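**Student:** The sequence and its predicted three-dimensional model are supplied below.
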Amino acid sequence: MNDTAPAPRATFRQWETVTLDRMDGAVVQTRCHTVALFRSASGGIIGIVNGVICPAARAVDILRGADTRTVTAEKLEPAPTDATGAAA
């Protein structure tokens, strides 16, 4: 049987990232960031980089450019319930 129930969405997720800056193939700088994205009560996405609130686009750009990304924290929405109150 196929399970068609949607997976719960994350309301918060945090990563540790490492970005290696290279020049002529040699690593000249290593940048480390703590990046978090969370869903506000209105449904918008808010970014946090190294503890400072920023546009979500900046946080996503750091995640996309990172050489390594490690999820360090995550909070999921509660599981949906059916009419009887049982988790679906």
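**Tutor:** Ah, there it is.
**Student:** So for the protein, the centremost residue is which one?
**Tutor:** Nearest residue to the geometric centre of the chain (Cα atoms, centre = their mean): Arg13, 4.0 Å.
**Student:** name the element that one belongs to?
**Tutor:** According to DSSP states H and E, Arg13 maps onto strand 10-23.
**Student:** and after that strand, which helix or strand comes next?
**Tutor:** That would be, after strand 10-23 and using DSSP H and E, strand 26-39.
**Student:** pLDDT at Asn2, what is it?
**Tutor:** Note for Asn2: predicted pLDDT of 57.
**Student:** pLDDT below threshold where in this structure?
**Tutor:** 1-5, 81-88 (pLDDT under 70).
**Student:** ok, for Glu16, nearest residue in space, not its chain neighbours?
**Tutor:** Using Cβ to Cβ, 6 or more residues apart in numbering and skipping the chain neighbours, the partner closest in space to Glu16 is Thr70 (4.8 Å). C-beta: built from backbone N, CA, C; applies to glycine.
**Student:** The residue nearest to the centre of the chain reaches Thr72, doesn't it?
**Tutor:** No: using Cβ atoms under 8 Å, Arg13 is not in contact with Thr72; the gap is 9.1 Å.
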